[in-house]
Every structure is written in C-alpha cells, then in structure tokens.
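Trainee: Need a 3D model of the following:
(one chain, ligands or ions: 1)
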Amino acid sequence: MTLTGNSPKILVTGGAGFIGSHTVVSLVNAGFEPVIVDDFSNSERKALDGLRAILGHDVTCYPVNCNDVVAMEDIFQKEKPVGVIHFAAYKAVGESVAKPLKYYRNNLDSLLLLLELMPAYTVQNFVFSSSCTVYGQPEQLPVTEETPRLPAQSPYGNTKAIGEDIIRDAIHSKIPVKALALRYFNPIGAHPSAQIGELPLGVPANLVPFITQTAAGIRSSLTVYGDDYNTPDGTCVRDYIDVMDLADAHVQALTKLIEAKDSYSYDVINIGTGRGETVLNVIKTFEEATGVTVNYSVGPRRAGDVEQVYADVSKANRVLDWSARRSLAESLRDAWQWQQKLS
Ligand code: WQD
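Mentor: Down below sits the predicted model:
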C-alpha cells in the first residue's frame, strides 16, 4: 500500500510497541498515514525496520516521551493529525506494585497532555488503550461493558481505570473530542510475516511469550500457575485475542469516530474473541499447531490472578462492525514463527 500525500494522519503513541506496531500496519492498509511517537523505553527501534519490511516505506517516528510538552506541541503543530491512538504506557503489573508513582506519573500525565493538546489543535478523534484488568474477577461471564469495574488489582490496572474516568469527565465537560476506550483482553500472536511481534523485556510475565521461549529452549520449563481453579481443567481461563484482529479493531474504532457527526462522545468497548481458553488448552493448541512440545509443570497459583475472564463482544460487533477472525491456533503459529525469527 503506498501513501498518497493527503492520507489523513494518525498520531500513534507507543507505535513501536507490540500492539502499536501492528496497528500501524492496519492503519496504512486502511489508507491512513500513521505518525509514531515512541521514546523506546519499552520497545525497540528494530520494530521500525520490521514495519519498513512489511510496508515498503518508512513510517515517520518521533523518538519522544509523550510527557514532553514542548516536543508534543511541536508534533501536533507540524503533523496536524485527524486522530490519536494512545498506546504509550508502562504496563508491567508487578513493576507497578513496586513503583506506583512511576506508573501514575507516566501513564496519567501523558493522557492529560493529549486531552489538552487535541482541542487546541482541533484533533477530534481519540482511541484509548484500556484493559480487561479493570473488571477484576467478574461475577457474570462473558463480561459486558456494563459490568461494574472492580477495584484495580495493581497500580497499572488503576491507571487504566483512572484513565477511562479522566476521558469520561473531560468529554462530559464538552471538549470537542470523540473518544473510545478499548478494553483489550489478552493480546497474543504476531504479524504473519514475522517482521514484527512481541518483544518481552527480560523474563516474560505473560503466558504466550513464555511458551514460545520454552519451546525455543530459551527457558527450560514453563510453570502453569495453579490447576485447582473451578474451571474445566483446573487452570485459569482467558480470552486470547490475536494482535492483528486487535489492530483492525483500532482502525474500525477510528473510522467510526471520524464518521460520527456529534462533536463530542465517549464510550468503552470490549475487544476480545468472546471465547475463554484454559492455560492447558493454550499449551495443547500450541503443540498441535507447531508440532513442538512444551516442557511444563504445574506450580502454585500466582498472586493476583483472576480465575476466569472472557469478553462479551456483541457491542464491538454492533458499534464497530468488527469481530475477531483469527483462531487460537493461527495466533500461536504466528507467535512461534516470530520467536524462531528472534532466536
Ligand atoms: C495468562 C494466564 C496465568 C504465565 C496480563 C495483564 C493484563 C493484560 C494482559 C495489559 C494466567 C497463566 C502465565 C506463566 C502461567 N496486560 N500463566 N504461567 O495475567 O491474564 O493479563 O496480560 O493490559 O493487564 O494482567 O496474562 O499472560 O500473564 O497470564 O500459568 O508463565 O496464564 O496464571 O492464568 P494476564 P498472562
């Protein structure tokens, strides 16, 4: 897809990260011109090489922290985007417990700055990266957007819940912005080209990168955190959403916002597959999809884990005209291809 000079520009903060980089690909495929803002504190510049390999051209990237007021003002002035997708945030649950002020400062200041700059530069469309973590352990499953949020399990999760409230209150004060908060479930997978994917720093906290690193021999064994839950096989249930489907959901959200006639609006939408999968079934599906055995053992439960959470996606289907298309097996195959490329 080649860009015409007048493709509408979209600011993608955290655009060199896992979900951000995949969304950059979807944006170009939909005729937008993404402009990345990323300080590379939790991503690598080689993601830009991967994007060039996929897209056949460079993507504009400002190596800037979203809290840098002067730099952000310059970018808004120069690029005049029609929308912003805000991914940039620290997201390590465990680290957020150890360093809560780092998380509140970074994740909330950047959001407040964007909400001040958008009206000043008539940027009317805003998509916010939120998380199913705001639900905690829902009583009803699948979980709908009407389910009351529970007290966050971590400062990281709290920055997502507070972020949603900040946007809601700003829109309620009639700032001329149309906003959607997308509550992601568990993003997995990689672009089928294996040019971009998840780059966990250090020992992966998340299940799928730990599976692929174990399969690649980087980790000697995977520990399954508990098999005594009240679930089909005793292991936790999650809604694993392919990162390419998640990227497409952002483009759909942006497109619907741009088309909307109202001058300000706010809504939250679950982005998942609508299917719950147990940890053991993810391992089994990985082995069947790749032919690679995963060495694992069952250990004690991990503190803070919820037993089951998966999405009711009827609102995303209706409002965004979007649904997840990729299977768990496809996502795990792509994740494995990416791991082999990394190794
Ligand atoms: C999934 C399941 C673990 C690793 C986190 C964040 C959430 C969101 C997605 C950002 C759980 C089990 C894991 C391992 C295991 N991120 N597991 N062995 O905790 O559902 O969500 O990532 O928004 O905010 O909290 O994802 O991949 O860590 O765990 O058994 O080595 O896999 O117990 O049941 P989680 P996860």
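Trainee: packing partners for the worst-scoring helix or strand of the chain on mean pLDDT?
Mentor: Ranked by mean pLDDT, DSSP states H and E, the weakest helix or strand in the chain is helix 93-98, scoring a mean of 90. Counting contacts by 3 or more Cβ pairs under 8 Å, 6 or more residues apart in numbering; DSSP states H and E, helix 93-98 packs against helix 100-120, helix 155-172. Heads up, the C-betas are built off the backbone N, CA and C, glycines and all.
Trainee: for it, the distance to its chain's centre please.
Mentor: 18 Å (Cα atoms, centre = their mean, to the nearest Å).
Trainee: what comes up buried for that helix?
Mentor: 93, 95-96 (16 or more other Cβ atoms under 10 Å).
Trainee: Quick one: name the residues of the stretch 151-300 of the chain near the ligand.
Mentor: 184, 186, 205-207, 210, 222-225, 236, 238, 279 (Cβ under 6 Å from any ligand atom).
Trainee: Keep only those of the residues you listed that are in strands.
Mentor: 184, 186, 222-225, 238 (DSSP state E).
Trainee: Arrange those residues in CSV, one row each, with neighbour count, distance to A324 and pLDDT as further columns.
Mentor: Output for those, formatted as CSV (neighbours: other Cβ atoms under 10 Å; distance: Cβ to Cβ, whole Å; pLDDT from 0 to 100):
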residue, neighbour count, distance to A324, pLDDT
Y184, 21, 11, 97
N186, 21, 12, 98
L222, 20, 25, 98
T223, 14, 28, 98
V224, 19, 25, 98
Y225, 17, 25, 97
R238, 23, 14, 98
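Trainee: just the helices in the stretch 1-150 of the chain please.
Mentor: Along the stretch 1-150 of the chain, the stretches classed as helices by DSSP state H, counting those that start in this stretch are 18-29, 46-55, 69-79, 93-98, 100-120.
Trainee: how about low-confidence regions in the stretch 1-150 of the chain?
Mentor: 1-5 (pLDDT under 70).
Trainee: Output the set of residues of it in proximity to the ligand.
Mentor: Going by Cβ under 6 Å from any ligand atom, the residues of the stretch 1-150 of the chain near the ligand are 91, 93, 131, 133.
Trainee: how does it look with 5 Å?
Mentor: Residues of the stretch 1-150 of the chain lying close to the ligand by Cβ under 5 Å from any ligand atom are 93, 131, 133.
Trainee: any idea which of the residues you listed is the one closest to P81?
Mentor: S131 (24.0 Å; Cβ to Cβ).
Trainee: Now that closest one: closest residue in space, sequence neighbours ignored.
Mentor: K160 (4.8 Å; Cβ to Cβ, 6 or more residues apart in numbering).
Trainee: so how many other residues sit close to that neighbour?
Mentor: Residues near K160, counting by other Cβ atoms under 10 Å, number 24.
Trainee: Give the rounded mean pLDDT of stretch 309-322.
Mentor: On average, the pLDDT along stretch 309-322 is 98.
Trainee: For that stretch, measure first residue to last.
Mentor: The first residue of stretch 309-322 is 20 Å away from its last residue (Cα to Cα, to the nearest Å).
Trainee: for stretch 64-73, same thing?
Mentor: End-to-end for stretch 64-73, by Cα to Cα: 11 Å.
Trainee: Buried residues in that stretch, which are they?
Mentor: 64-68, 71-72.
Trainee: and that stretch, how far out from the chain's middle?
Mentor: 22 Å.
Trainee: what does stretch 254-262 give?
Mentor: Taking mean C-alpha positions (Cα atoms, centre = their mean), stretch 254-262 and its chain are 21 Å apart.
Trainee: now swap in stretch 245-259 and tell me
Mentor: For stretch 245-259, the distance to the chain centre is 13 Å (Cα atoms, centre = their mean).
Trainee: export that stretch as PDB, just CAs?
Mentor: Taking Å, rounded to 0.1, in the frame of the first residue of the first chain, the C-alpha atoms of stretch 245-259 are listed here in PDB:
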ATOM      1  CA  ASP A 245      -7.500  -8.600  15.000                       C
ATOM      2  CA  LEU A 246      -6.800  -6.100  17.800                       C
ATOM      3  CA  ALA A 247      -5.100  -3.800  15.300                       C
ATOM      4  CA  ASP A 248      -8.000  -4.000  13.000                       C
ATOM      5  CA  ALA A 249     -10.400  -3.100  15.900                       C
ATOM      6  CA  HIS A 250      -8.400   0.200  16.400                       C
ATOM      7  CA  VAL A 251      -8.800   1.100  12.700                       C
ATOM      8  CA  GLN A 252     -12.500   0.300  12.900                       C
ATOM      9  CA  ALA A 253     -12.900   2.400  16.100                       C
ATOM     10  CA  LEU A 254     -11.100   5.400  14.500                       C
ATOM     11  CA  THR A 255     -13.100   5.100  11.300                       C
ATOM     12  CA  LYS A 256     -16.400   5.100  13.200                       C
ATOM     13  CA  LEU A 257     -15.300   8.100  15.300                       C
ATOM     14  CA  ILE A 258     -14.300  10.100  12.100                       C
ATOM     15  CA  GLU A 259     -17.700   9.300  10.500                       C
END
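Trainee: so what's Y296 closest to, chain neighbours aside?
Mentor: In space, Y296 is closest to L222, 4.0 Å off (Cβ to Cβ, 6+ apart).
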